[in-house]
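Visitor: have a look at this prediction, sequence included:
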Amino acid sequence: MRGRTNRIEFGVDYYPDQWPRDMWERDFERIRNMGAQSVRMMEFAWAILEPERGRFDFALFDDAIACAANCGLSVVLGTPTATIPNWLYRSAPSVMQIHPSGGSRPFGIRRQPCYNAPAYRDACTQIVRAVGEHFGANPAVVGWQIDNEIGHEGSDRCVCEHCRAQWTEWLRATYGIPAAMNEAWGTVFWSQTYASFDDVELPASDMHLVHNSGLLLDYYRFMSDSAVRHASAQADILRTYIPDSAWISTNLYAPPTGTVIDMEDLNAKMDFPGYDNYPVWGDMDEPLPWYFNAYALSYIRGLKDTGNYTIFEQISGFQGHTCLGYRPNEKEMISFTHQAIALGADRLFYFRWRTAAWAQEQLCSGILDTDNEDNDRLRAITCNIATRSAEYNRFAHLPFEAQACLVYDRDNSRLVKFQHLSRGLKRHIGMIAEAGYDQEMTRSFAPFSIFGVNADVKSARSVDLSRYRIISLNVYQMTDPAFVRRLEAWVQEGGTLILGWRTGARTTDNHNSAKALPGEFSQLSGVRISASESLNETRVGVRIGCIPVQGEVWADVLEPVTACVLARYSGKKKFYAGKPAITENRYGAGRVFYVGTSLNPAGVFLLYRSLFRKAGVPHRFAGLGLEVVRRRCQDGSEVEVVVNHTDRAKWYRCNRIPAWDFTLLPL
């Protein structure tokens with residue numbers, strides 16, 4: 001595999017275009033002395049590389065690459081297409097995106113052009129071809145990053161005239177004839193029937209109502225395909241100029257399914273996945289929970305079958321564009337590195353070498369501040385690389401192995417962006433992303449993390465069921481019968497399947513199922529859904545045995561057919577008090593659990609402790625704030641990587657793990 005390492009690799013994001021040339025050599029020497037082997041650069045430098053249309057100037061980066069190489073550093077280059085030069089905007093202002101809300105993106109920000117604008121696409125082709133041809137054979141350049149955070153900050157959707165033209169062609173290619181589209185969307189409702197694909201408008205936001213759900217799903221698929229084409233075209237161009245040993249990837253971001261883009265498709269032509277790891281950002285009062293980060297990193301790892309991934313931007317201080325919040329201390333900052341490597345990162349670049357002196361990222365801390373003096377952040381990173389790399393190198397370059405898998409579906413994640421079902425599932429991040437689906441995925445992933453069960457996150461279309469003993473499938477409304485048949489065969493052979501609420505409620509066309517719920521899953525689950533309630537931001541009582549816990553977001557009321565009851569709803573105010581909330585069905589040699597509500601932490605703990613025992617999966621609760629990950633080592637042995645995510649020392653297996661630190665324990 002291109003990019004496969006035999007040791008952990010560290011690097012730094014460095015911007016030679018933002019600093020005087022007489023600083024470069026000393027900067028690169030200090031980066032090398034820190035313990036890094038590589039620098040990443042050029043992803044926002046289009047105006048420097050092509051100051052006028054068709055006139056290219058590579059001198060600055062030629063010199064920067066040579067200077068880095070002379071200091072013993074390899075170089076990763078970014079294609080500079082996330083920000084356009086002013087000459088392109090002035091010559092073709094219609095390249096700028098128009099958001100469905102009606103706002104047009106101005107010049108001077110990033111990710112402002114439309115992927116479907118011909119002038120932007122042509123200009124991208126020219127600049128990527130130019131940098132590939134010029135830098136591709138340079139032996140110091142070992143890898144390439146495509147664009148930067150594709151689709152982030154609301155750039156995943158556009159309703160401009162260029163999208164309108166491509167939308168019509170996309171619909172024609174997808175459906176062939178308007179009648180097929182009308183049937184799939186159910187356009188007989190509200191007199192929406194179309195006689196021609198040319199008549200179908202892009203879904204601009206309405207003051208109150210939402211568009212036809214079939215139209216919205218297809219629009220999201222169309223925008224995803226547009227972004228994928230943008231990234232794939234660049235990878236194809238680069239591959240014609242760079243050596244076979246050079247790798248290509250791109251950098252993604254949180255929340256994992258927050259945009260409409262299918263990141264698995266986006267990574268199809270990448271050699272491995274990449275991620276920008278910021279567990280705390282902007283005005284947040286505290287970092288994201290460590291188990292959310294575990295879910296996000298596992299999602300990134302699962303986009304390819306490489307078993308590893310690269311961190312292109314690793315937090316080195318507190319970050320923000322306009323407002324700052326929680327500042328992790330140096331030990332906590334390093335703990336984010338420990339976790340990323342424990343979960344499969346084999347290459348990690350710290351963002352950035354020095355805080356920007358001006359412009360939009362003045363508040364984004366680098367390793368150094370603008371005074372350029374050594375500081376505690378630099379000392380902490382240097383010490384960690386020097387003292388812990390030997391431990392990282394025992395396992396970091398080997399593929400991550402898992403016993404369990406959380407399965408997601410991209411269309412189902414898109415569906416809850418406009419039909420969120422419950423206010424408990426509505427988690428808008430301004431206008432840029434929707435995190436409700438990721439909230440529920442985190443809830444389903446957390447028990448694997450807290451009980452030390454290695455788990456992957458894979459899509460329903462690509463998961464290899466035979467690799468796992470447990471499959472968790474949550475918020476899977478739009479149901480593919482072929483996938484259900486695969487699950488049936490897998491459970492029959494001894495697998496353990498965990499189903500969440502609303503499972504089987506829709507067809508792949510997003511039509512309500514004509515079967516009694518849970519539809520295609522009725523036989524597997526051994527239950528019928530007699531009623532449902534959206535809990536919004538309230539809670540319902542649940543009893544697991546005699547122990548009271550709570551359910552959130554949603555409640556499916558279950559009727560066992562062949563299943564047995566594990567938990568019941570409780571409380572005097574609910575008409576379904578006493579009815580089953582969680583069931584277990586024996587199916588062949590396997591088991592199927594149907595969980596009719598989103599359990600609170602106590603409920604998750606009780607249910608999964610029992611579930612893991614029944615599935616015969618080794619598990620152990622290490623304690624609050626301790627993450628235990630199993631990794632295979634180069635010598636064939638196995639170790640537990642134990643990461644302490646708290647500000648106090650913890651004990652595990654008679655070993656003391658200091659605050660924000662990690663240890664390796666043999667198995």
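Guide: On my side now, so go ahead.

Visitor: which stretches of the stretch 351-500 of the chain form helices?
Guide: 376-392, 410-418, 436-450, 481-492 (DSSP state H, counting those that start in this stretch).

Visitor: ok, which of these comes nearest A36?
Guide: Nearest of these to A36, taken as C-beta to C-beta: helix 376-392 at 7.4 Å. Using the backbone N, CA and C atoms, a C-beta is placed for each residue, glycine as well.

Visitor: mind telling me what element the residue nearest the centre of the chain is part of?
Guide: In the chain, the C-alpha nearest the mean C-alpha coordinate belongs to P256, at 2.7 Å (C-alpha atoms, centre = their mean). Secondary-structure assignment from DSSP states H and E places P256 in no helical or strand segment.

Visitor: pretty sure it contacts A296?
Guide: Yes - if you go by C-beta atoms under 8 Å, P256 and A296 touch, sitting 5.3 Å apart.

Visitor: joint contacts of those two?
Guide: Contact criterion C-beta atoms under 8 Å, 6 or more residues apart in numbering; residues shared by P256 and A296: D438.

Visitor: let me see the ranges of the strands in the stretch 201-350 of the chain.
Guide: Counting by DSSP state E, counting those that start in this stretch, the stretch 201-350 of the chain has strands at residues 247-249, 274-277, 309-315, 345-351.

Visitor: now those strands in CSV, with mean neighbour count and mean pLDDT?
Guide: Formatted as CSV, these follow (neighbours: other C-beta atoms under 10 Å; pLDDT from 0 to 100):
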stretch, mean neighbour count, mean pLDDT
strand 247-249, 23, 98
strand 274-277, 25, 98
strand 309-315, 26, 97
strand 345-351, 27, 98
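
Visitor: output these as a markdown table; include the columns distance to N536.
Guide: Shown next, in a markdown table, are those (distance: least, C-beta to C-beta, whole Å):
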| stretch | distance to N536 |
| --- | --- |
| strand 247-249 | 40 |
| strand 274-277 | 32 |
| strand 309-315 | 34 |
| strand 345-351 | 38 |
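
Visitor: V553: which of those strands is closest?
Guide: Per C-beta to C-beta, nearest to V553 of these: strand 274-277, 27.2 Å.

Visitor: packing partners for that closest one?
Guide: Packing partners of strand 274-277 (3 or more C-beta pairs under 8 Å, 6 or more residues apart in numbering; DSSP states H and E): helix 290-301, strand 309-315.

Visitor: just put those in CSV and tack on distance to D456.
Guide: Formatted as CSV, the helices and strands packed on strand 274-277 follow (distance: least, C-beta to C-beta, whole Å):
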stretch, distance to D456
helix 290-301, 6
strand 309-315, 12
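
Visitor: closest to F448 out of these?
Guide: helix 290-301 (8.3 Å).

Visitor: which other residues reach the closest one?
Guide: By C-beta under 8 Å, 6+ apart, helix 290-301 touches 252, 254-257, 273-275, 277, 279, 307-309, 336, 339-340, 343-345, 400, 406, 408, 438, 441-442, 445-446, 449-450, 455-457, 625, 627, 643, 645.

Visitor: repeat for stretch 326-337
Guide: 277, 279-280, 284-287, 293, 314-318, 348, 376-377, 379-381, 384, 643-645, 647, 659-662.

Visitor: could you flag which of those are buried?
Guide: 277, 279-280, 284, 287, 293, 314-318, 348, 377, 380-381, 384, 643-645, 659-662 (16 or more other C-beta atoms under 10 Å).

Visitor: on that earlier part again, please name whichever of the helices and strands packed on strand 274-277 is nearest to S155.
Guide: So among those, strand 309-315 is nearest, using C-beta to C-beta, at 17.3 Å.

Visitor: packing partners for the closest one?
Guide: By 3+ C-beta pairs under 8 Å, 6+ apart, strand 309-315 packs against strand 274-277, helix 290-301, helix 330-342, strand 345-351.

Visitor: for G424, which of those is the nearest?
Guide: Per C-beta to C-beta, nearest to G424 of the helices and strands packed on strand 309-315: helix 290-301, 16.4 Å.

Visitor: that older thread, how near is the residue nearest to the centre of the chain to A404?
Guide: P256 sits at a distance of 17 Å from A404 (criterion: C-beta to C-beta, to the nearest Å).
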